[in-house]
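Engineer: Only the shape, not the letters, is given here:
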């Protein structure tokens, strides 16, 4: 971890402690009482040895025992209180951190997700706050308790034997300086452990999320070997951290042993010379043990403290990333839009020197449909990505109703958008939950109406629980065409002013595509629509067809004029027309088998929920 990272970790720790100051104040009050009560036994030992035994004051034994017993009972009660307060405070801190980190990660620009594994972000949200648990809770209370007790003990020790106490203090100061330097080495090690843990978690989540691809390509062994390799990297990092903690522990044992030897030599001479009583020496030994407790506990919690500071450094890194909401402060709020879109000399580059779009200029009137056609990699999806404000142009500008898109508040703007992607994502919930994702407050009647327009009712009616059927993670229990139609129903229900259809019918067969063309025409009516489609039959009705190739616009116009020009669009159309005719001929000669009841059944027995 860099010095900046360490600084961020300490600032994050200070902020957490300040946030929990009330609970920590209560805990500290209980600790004070607890530590004062803990001094009862060493104090009682002095009076028992010097007065009860030395001076034969047996009458004092009863009161000493009663007072000591009361102090022990008070120590037990306050210890329970400290444990409760610290435990609950720690859990509250972890929950608050997770909630804040989740909100920040979800609010980050899409570019942040392009550069980071989603599994690594999940690890940061779930694992890093948990690493803080011990330090904010029991660890911090133990440390405060030990420091407070050590302070009280030091005062009494100095009263009993100033010279010996100064020597002890010098030893402890030297040890403390050594600990500080050692922590400077240990922090980066634990930060590396946290980073590797997130990396391994991210790769594991990626492999499990793509388990069907892993199995299809018989890659289970390769994934296992890769996970083993990364796990051993993590093991080596943990071993380095463990070595550092072991050095802490050994140093603590060494200091404790040195203090013991010093007490035997100096304390024994003091009792023999009559400058200390035997009771005072026993009491001094007790108090030195209390004074050394913080050293032992720091060594004991060094591992947890290192993990916590590494996690806090990573949390600070996340907090330093600006969310879209923070970036959009001061940008104009958007209430309504009509949907007029202008691209003015828009260029975009993912990597320097490799432009994806080159000076794109196009205009779309409100309520019209613009179709983007061309080969894969031409830049069609990038145009839509920029229109959705998922990224900004490298040069040029995009105007919405005459205003630069970069001047608009993105969340407000996106409330007027609807999108259906080539591989749209469904969430692990019911069919109706996924349809109303863009409008959570939509009624059941509105959900059904949107579903009918997208022809979802034809297959949902065959499901065991209809629209309350659970679709599984990413809609895994549905076919590709079923997922696509639900995504179209979701866009219909959102009722957007600007609609983006990126290969919206790519996962549909010809029969299903014909079924939902009417629904798509209804959806496009009165909305500014951008359509990306390889099937040119789906874009014939567009007011404007734009041919994109190698990041440039080669042709634009309506279907008939473009065909009559016999240019690039005409060649694409002819090639696809021949392919579709060949496909239809094949279908007529060898029609696909149908179920015995003559009905299409897309559910295919997917009832594993």
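Structural biologist: Good, I have the coordinates. Note that the coordinates shown come from a computational prediction; the quantities given were computed from them, not determined experimentally. Numbers count the residues shown, from 1 in each chain.
Engineer: Residue 408: what's it in contact with?
Structural biologist: 331, 332, 334, 389, 400 (CB atoms under 8 Å, 6 or more residues apart in numbering). (C-beta placed from N, C-alpha, C; glycine too.)
Engineer: backbone phi and psi for it, please?
Structural biologist: Per-residue torsions, residue 408: phi -100, psi 150 (degrees, to the nearest 10).
Engineer: how much space between the spatially closest residue to residue 230 that is not a sequence neighbour and residue 97?
Structural biologist: Among residues not flanking residue 230 along the chain, residue 200 sits closest, at 4.8 Å (CB to CB, 6 or more residues apart in numbering). Per CB to CB, to the nearest Å, residue 200 is found 21 Å from residue 97.
Engineer: Going by how many neighbours each has, rank the two and give me the top one.
Structural biologist: Each of residue 200 and residue 97 has its neighbours counted (other CB atoms under 10 Å); residue 97 has more, 23 against 20.
Engineer: and the more buried one, how far is that from residue 326?
Structural biologist: Remark: distance between residue 97 and residue 326 (CB to CB) = 19 Å.
Engineer: Same question for residue 54.
Structural biologist: Here the criterion is CB to CB. By it, residue 54 lies 72 Å from residue 326.
Engineer: Repeat that for residue 315.
Structural biologist: 17 Å.
Engineer: Those two: which has the busier surroundings?
Structural biologist: When residue 315 is set against residue 326 and neighbours are counted by other CB under 10 Å, the residue ahead is residue 315, at 26 against 11.
Engineer: neighbouring contacts of stretch 383-391?
Structural biologist: Under the contact criterion CB under 8 Å, 6+ apart, stretch 383-391 has outside partners 109-111, 341, 343, 346, 348, 357, 360, 372, 392-393, 398, 405, 408, 410, 413-414, 417, 419, 498, 500, 502, 530, 532, 548.
Engineer: now do stretch 395-405
Structural biologist: With contact meaning CB under 8 Å, 6+ apart, stretch 395-405 is reached by 332, 337-347, 359-360, 386-387, 389, 406, 408, 413, 498.
Engineer: Do a quick rundown of the helices in the stretch 151-300 of the chain.
Structural biologist: Along the stretch 151-300 of the chain, counting by DSSP state H, counting those that start in this stretch, helices occupy 162-209, 211-216, 220-262, 268-273, 278-320.
Engineer: which one of these lies closest to residue 128?
Structural biologist: Taking CB to CB, helix 278-320 is the member of the helices of the stretch 151-300 of the chain nearest to residue 128, at 4.0 Å.
Engineer: and after the closest one, which helix or strand comes next?
Structural biologist: Once helix 278-320 ends, the next helix or strand along the chain (criterion: DSSP states H and E) is helix 324-327.
Engineer: Show me what that next one is packed up against.
Structural biologist: helix 61-107, helix 410-414 (3 or more CB pairs under 8 Å, 6 or more residues apart in numbering; DSSP states H and E).
Engineer: Give me the contacts around that helix.
Structural biologist: 107, 108, 109, 410, 411.
Engineer: can you give me the offset of that helix from its chain's centre?
Structural biologist: Distance of helix 324-327 from its chain centroid, counting by CA atoms, centre = their mean, to the nearest Å, is 18 Å.
Engineer: who are the neighbours in contact with residue 271?
Structural biologist: Residue 271 touches 277, 278, 281, counting by CB under 8 Å, 6+ apart.
Engineer: neighbours of the last one, just the number please.
Structural biologist: When neighbours are defined as other CB under 10 Å, residue 281 has 20 of them.
Engineer: How about the second one?
Structural biologist: Residues near residue 278, counting by other CB under 10 Å, number 14.
Engineer: what about it, distance to residue 54?
Structural biologist: The separation that residue 278 has from residue 54, given CB to CB, amounts to 8 Å.
Engineer: Just give me the closest of the contacts of residue 271 to residue 16.
Structural biologist: Distances from residue 16 to the contacts of residue 271, taken by CB to CB, are shortest for residue 281, at 43.0 Å.
Engineer: Next, the buried residues of stretch 65-72.
Structural biologist: Within stretch 65-72, the residues scored as buried using 16 or more other CB atoms under 10 Å are 68, 71.
Engineer: when you give positions from now on, start the count at 47
Structural biologist: Okay, residue one is now 47; in that scheme the one you just asked about reads as stretch 111-118.
Engineer: about what we covered before: from the contacts of residue 454, keep the buried residues only.
Structural biologist: Among the contacts of residue 454, those classed as buried by 16+ other CB under 10 Å are 380, 435, 446.
Engineer: strands paired with the host helix or strand of residue 576, and their directions?
Structural biologist: Counting by DSSP H and E, the element that carries residue 576 is strand 574-578. Paired neighbours of strand 574-578 in the sheet (DSSP bridges): strand 415-419 (parallel), strand 544-548 (parallel).
Engineer: ok, residue 519 to residue 267 distance?
Structural biologist: On the measure of CB to CB, residue 519 and residue 267 end up 25 Å apart.
Engineer: between these two, which one's more packed in?
Structural biologist: Neighbour count, other CB under 10 Å: between residue 519 and residue 267, residue 519 has more, with 13 against 8.
Engineer: and the more buried one, what is it in contact with?
Structural biologist: Taking CB under 8 Å, 6+ apart, we find residue 519 in contact with 473, 474.
Engineer: can you rerun that using 6 Å?
Structural biologist: By CB atoms under 6 Å, 6 or more residues apart in numbering, residue 519 lies in contact with residue 474.
Engineer: All the strands of the stretch 447-596 of the chain, residue numbers only.
Structural biologist: For the stretch 447-596 of the chain, applying DSSP state E, counting those that start in this stretch gives strands covering 449-450, 463-466, 544-548, 574-578, 590-595.
Engineer: Give me every residue in contact with the last one, excluding its own residues.
Structural biologist: With CB under 6 Å, 6+ apart as the test, strand 590-595 has contacts from 408, 416-420, 424-426, 585, 599-602, 608, 614-615.
Engineer: which parts of the next helix or strand after that strand are buried?
Structural biologist: Counting by DSSP H and E, the next helix or strand C-terminal to strand 590-595 is strand 598-603. Across strand 598-603, burial judged by 16+ other CB under 10 Å covers 599, 601, 602, 603.
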